[in-house]
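Predicted model follows, preceded by the sequence.
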Amino acid sequence: SEPLAPEQVHGQPWYARFDPCFHAPFGCTLGLLLSTAGVAVIIYRADLPSSPWIWIVLGAVLCLFGAWWLWASFSPSLRRRLRLGIWPIAEPNSLEKIVELCKGPHPPIAVGECWAYLTNLQYARPEERIIALGKNWTGVVSMTDDTIRVRTGMLWGEVMRVLWEKNKAPMDRPAFDAMSIGASVRVAAHGFRKDGWFIDFLRAVQAVERGTGKVVEVKRGDYNWWKVVFGKDYIVTEAEFEVQPNRLVFVTGQSQPATENTTQQEVDQWVQTEAFGWKDAPYVNMSISGSAINRKWYTLDPVGVDEKTQSCLDYARRLVWADTPGIDSLGDAQTIIQQNFLISFYCGRQFLTIANVELFVKTEEPFDWDKIALSLVKFHAKYTGRTDLRERRRNGHTITAFDGVVSTGEEVAPWFDMLYNELKIKSGTLHPGKYVVADAGNIQLIDHPKFWIDASETF
């Protein structure tokens, strides 16, 4: 048969893989436009007989502002400064430097790249000392047929580029190419693979103890595994996790219109005719707003030759829940957001109050998503935003991630009340990398490490 092009083998065009321009497209584009406008103003207006200096100054200001946006688009350090409110004291490029920085009575904490949109409106405290494990602490340490070991400053987009070349894929991964591996470990980041999340396939980590500078190596099953993986006394410097052969998957996305008046019978009928058996797929995701119930699932069925010819537009439409079925690779299928939006980093803090809070809930039996969806529709019809659902079925129980986005922090408390009153959720743990609150109303908040220790035990 005729050889397939790379985008047909892997399900995604080569230029959609991680790249700085794709990483911060709005900032980069805005910078180019402003710079071009500034040059045009200087060239075409500077020769006017009256007041040419005004146009020259205006053009220079536009050029400088454009240059700032270009710098910001390609500068992780500046993005961290915008996000945290303080500059990191160091961006070490060797284990020896990390060890040296971690010694002493006031050791720093480490930060990495994380979510692309605003999740918490609090800056770091002025007295906090921070080091950044990013572009200076990245790269593959080792790789076998079933594992890859990387430095924790490496971003998922960079990891995927390496795995792409080896025709490998992670067992599970978060949706953001712009997220670092270290951040993924610390917050138990996840995708929507049903039989296990990224944290379940983590095999080993290297870490440096804050205060002593001691380097430790732990493997899953060691007595101090969770203490090092989640503990505040350690900075994780390397992570080893499982990989699998990459392959094509068939992606289906269906959007069901819904309102607060939609009945359960209408939901059940729609599922029977449009999405029968969708929850049986190995990868499932649901996103519920006040106007729609969106379902997306991936199957490992054989992909027909005709289905391998897809355009970039088809691929992009699937990312926004359009009813566009098609193929993708096992590695790329969970990449929903590749970009790092600088506008929301900077302007969002000034003008927006968006809160993204995620609650992990452990139950013996899984929730029936098609049954609970209407409670979420009614909530978001009254308030704002949406709630995404993902689940992990492992060790004899289910963990469901309720990932909610609302317009203001004031809507978080009613969201928790709805989960308690309508869905009968009694306890859970918050995703520590997102909007964090001290009180979830009647829902008992469990310590994040303790939750995952319990979640890893078999009933």
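Here it is on my side, so go on. Residues are numbered from 1 along each chain as shown.

separation between the most centrally placed residue in the chain and Gly433?
For the chain, Phe176 is the residue whose C-alpha lies nearest the centre (Cα atoms, centre = their mean; 3.7 Å). Phe176 sits 10 Å away from Gly433, going by Cβ to Cβ, to the nearest Å. The way it works is simple: take the backbone N, C-alpha and C, and place the C-beta from them, glycine included.

same deal with Leu133?
Leu133 is 15 Å from Gly433, by Cβ to Cβ.

between the two, who's got more neighbours?
Shown here are Leu133 and Gly433; by other Cβ atoms under 10 Å, Leu133 has more neighbours (27 against 21).

can you give me the helices for the stretch 351-459 of the chain?
369-382, 412-421, 448-455 (DSSP state H, counting those that start in this stretch).

Could you dump these into CSV and include distance to Met160?
Below are these laid out as CSV (distance: least, Cβ to Cβ, whole Å):
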stretch, distance to Met160
helix 369-382, 28
helix 412-421, 33
helix 448-455, 25
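
Which among the ones you listed is found nearest to Leu163?
helix 448-455 (25.0 Å; Cβ to Cβ).

which other residues reach that closest one?
188, 199, 226-227, 229-231, 360, 362, 394-395, 397, 399, 428-430, 432 (Cβ atoms under 8 Å, 6 or more residues apart in numbering).

What residues sit buried inside that helix?
Using 16 or more other Cβ atoms under 10 Å as the test for burial, helix 448-455 gives 448-449, 451-452, 455.

do stretch 145-163 as well
Result for stretch 145-163 [16+ other Cβ under 10 Å]: buried residues 148-160, 162-163.

Pick out the lowest-pLDDT one from the residues you listed.
When the buried residues of stretch 145-163 are compared on pLDDT, Gly157 comes out lowest, with 81.

what about the closest residue in space to Ile288 that isn't next to it in sequence, how many neighbours?
Leaving aside its sequence neighbours, Ile288 sits nearest to Leu376 (Cβ to Cβ, 6 or more residues apart in numbering; 4.2 Å). Look at Leu376: counted by other Cβ under 10 Å, it has 28 neighbours.

same check, this time on the one 5 residues further on
Applying the criterion other Cβ under 10 Å, we find 16 residues in the vicinity of Ala381.

what's the pLDDT at it?
Looking at Ala381, the pLDDT reads 95.

so how far is Gly182 from the closest residue to it other than its chain neighbours?
Nearest non-adjacent residue to Ala381, counting by Cβ to Cβ, 6+ apart: Gly290, 3.5 Å away. With distances taken as Cβ to Cβ, Gly290 is found 36 Å from Gly182.

just Met286 next, same as before
29 Å.

Next: Ala90.
In terms of Cβ to Cβ, Ala90 sits 15 Å off from Gly182.

Tell me which of the two has more neighbours.
Gly182 (28 against 16).

Pretty sure that one sits against Thr152.
Yes - between Gly182 and Thr152 there is a contact under Cβ atoms under 8 Å: 3.0 Å.

Quickly note the distance from Pro126 to Leu248.
Distance, Pro126 to Leu248, using Cβ to Cβ: 51 Å.

Neighbour count for those two, which is higher?
Comparing Pro126 with Leu248 by other Cβ under 10 Å, the one with more neighbours is Leu248, at 21 against 7.

Low-confidence regions, the chain specifically.
1-26, 46-51, 115-122, 301-325, 335-353, 457-459 (pLDDT under 70).

rerun at 80
Residues of the chain meeting the criterion pLDDT under 80: 1-29, 45-53, 72-85, 87, 112-126, 176-178, 301-329, 331-354, 456-459.

Secondary structure class of Gly27, three-state.
Here Gly27 is helix, with the state taken from DSSP: H, G, I helix; E, B strand; the rest coil.

Give the burial count for it, as a bare number.
Gly27 has 27 nearby residues by other Cβ under 10 Å.

wait, it sits on Ser73?
Yes - with contact defined as Cβ under 8 Å, Gly27 counts as touching Ser73 (3.8 Å).

separation between Val228 and Leu95?
In terms of Cβ to Cβ, Val228 sits 16 Å off from Leu95.

what does Pro366 give?
42 Å.

Repeat that for Trp278.
46 Å.

Please say which of these two ends up with more neighbours.
For Trp278 and Leu95, the more surrounded residue by other Cβ under 10 Å is Trp278, and the numbers stand at 18 against 15.

Would you confirm that that one contacts Thr252?
Yes - the pair Trp278 / Thr252 is scored as a contact, 7.4 Å apart, by Cβ under 8 Å.

Common neighbours of the two, please.
By Cβ under 8 Å, 6+ apart, the residues touching both Trp278 and Thr252 are Trp297.

how about the longest strand seen in the chain: buried residues?
Selection of the longest strand in the chain by residue count, based on DSSP state E, yields strand 234-245. The neighbour-count check on strand 234-245 (16+ other Cβ under 10 Å) flags 234-244 as buried.

And for stretch 80-89?
80-84, 86, 88.

And stretch 361-373, by the same measure?
Those would be 361-362, 367, 369-370, 372-373, for stretch 361-373 by 16+ other Cβ under 10 Å.
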